[in-house]
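Asker: Prediction below, plus the sequence it came from.
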Amino acid sequence: MINKIVRTPAEAVAGIFDGAVVMIGGFGEAGSPIELIHALIDQGAKDLCVVSNNTGSGHVGLAALIENRQVRKMVCSFPRSANSKVFPELYQRGEIELELVPQGTLAERIRAGGAGIPAFYTPTSVGTPLAEGKEIRVFGGQSYVLEYAIKADFSLVKCRAADRYGNLTYNKTARNFGPVMCTAAATTIVQAKQIVEPGGIDPEVVVTPGIFVSKVTEVGSPADESTLVAEDRRYPW
């Protein structure tokens, strides 16, 4: 009988190893798996390459993982935003690496990784520093940059509801990166606000089929990242 449910976030992230490539969902707190990230901080895996839309906020979640010196490199679209404090300071001191990727290109590189497409051409970044050193080809009179797919050892994803088979639905912007990250990782780890019985999710509304999910843990009252940042909370507490 298939049952992908694990009891705690700590149990879910136990297998993440030093040097792993880890995709972390986001695009706003609807998709930020705070409890899984904090469990990864407690677990201690280091020298990680993290792929995410941004570098986190304040001193919790992804920002806390970076602040704890567990991340060697960030692959992201927004390394600096209104509440990003940790990454910009470390980057300016040369203590963390950055691969800057336009947001649409980042999403497509991840999607391509999950679809088995090794690379693709895009006009985004043509004529900018982001295209330097990359292959350029012309199609129909327009220049395109070659971009390579991204695959990961692990993905950490937040969803609204899951069943024990790993079928998922999402809340709002969690759907922007969560589904493609599920497909592009060897091991996908999900925190769900609710785990329902088989049949509790209408098959017509399943966004991520269970075949792409390895582990699911229930976090019924997930932390509100904006509240934690506003209160200047720091993890570890």
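Answerer: Yep, that arrived.

Asker: alpha carbons only for contacts and neighbour counts from here, please
Answerer: Fine.

Asker: Pull the contacting residues for residue 175.
Answerer: Residues in contact with residue 175 (C-alpha atoms under 8 Å, 6 or more residues apart in numbering) are residue 31.

Asker: So it belongs to a helix, correct?
Answerer: Yes. Residue 175: assigned to a helix according to DSSP: H, G, I helix; E, B strand; the rest coil.

Asker: What's the separation between it and residue 22?
Answerer: Here the criterion is C-alpha to C-alpha, to the nearest Å. By it, residue 175 lies 18 Å from residue 22.

Asker: same question, residue 78
Answerer: Residue 78 is 17 Å from residue 22, by C-alpha to C-alpha.

Asker: do residue 158 as well
Answerer: Distance, residue 158 to residue 22, by C-alpha to C-alpha: 14 Å.

Asker: Between these two, tell me which one has more neighbours.
Answerer: Counted by other C-alpha atoms under 10 Å, residue 158 and residue 22 do not tie: residue 158 has more neighbours, with 34 against 25.

Asker: Now do the strands in the chain.
Answerer: For the chain, the strands defined by DSSP state E occupy 21-24, 48-51, 71-76, 97-100, 119-122, 136-139, 142-148, 152-163, 168-169, 185-196, 215-218.

Asker: which helix in this protein runs the most residues?
Answerer: In the chain, with assignment by DSSP state H, the single longest helix is helix 103-115.

Asker: If you count neighbours, what's buried in that one?
Answerer: Buried residues in helix 103-115, counted by 16 or more other C-alpha atoms under 10 Å: 103, 105-114.

Asker: helices and strands around that helix, which ones?
Answerer: Contacts defined by 3 or more C-alpha pairs under 8 Å, 6 or more residues apart in numbering; DSSP states H and E place helix 103-115 against strand 119-122, strand 142-148, helix 174-183.

Asker: would you list these in CSV and tack on mean pLDDT and distance to residue 202?
Answerer: Listed next are these as CSV, based on pLDDT from 0 to 100; distance: least, C-alpha to C-alpha, whole Å:
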stretch, mean pLDDT, distance to residue 202
strand 119-122, 98, 34
strand 142-148, 98, 35
helix 174-183, 95, 17
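
Asker: can you tell me which of the ones you listed comes nearest to residue 26?
Answerer: Of all the helices and strands packed on helix 103-115, helix 174-183 sits nearest to residue 26, with 6.3 Å by C-alpha to C-alpha.

Asker: how much space between residue 183 and residue 87?
Answerer: 27 Å.

Asker: just to revisit the earlier point, out of the buried residues of helix 103-115, who's nearest residue 195?
Answerer: Residue 195 lies nearest to residue 114 out of the buried residues of helix 103-115, by C-alpha to C-alpha, at 24.8 Å.

Asker: returning to that earlier point: in JSON lines, list the strands of the chain along with distance to residue 129.
Answerer: Listed next are the strands of the chain as JSON lines, based on distance: least, C-alpha to C-alpha, whole Å:
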{"stretch": "strand 21-24", "distance to residue 129": "25"}
{"stretch": "strand 48-51", "distance to residue 129": "20"}
{"stretch": "strand 71-76", "distance to residue 129": "16"}
{"stretch": "strand 97-100", "distance to residue 129": "10"}
{"stretch": "strand 119-122", "distance to residue 129": "15"}
{"stretch": "strand 136-139", "distance to residue 129": "13"}
{"stretch": "strand 142-148", "distance to residue 129": "12"}
{"stretch": "strand 152-163", "distance to residue 129": "25"}
{"stretch": "strand 168-169", "distance to residue 129": "38"}
{"stretch": "strand 185-196", "distance to residue 129": "29"}
{"stretch": "strand 215-218", "distance to residue 129": "39"}
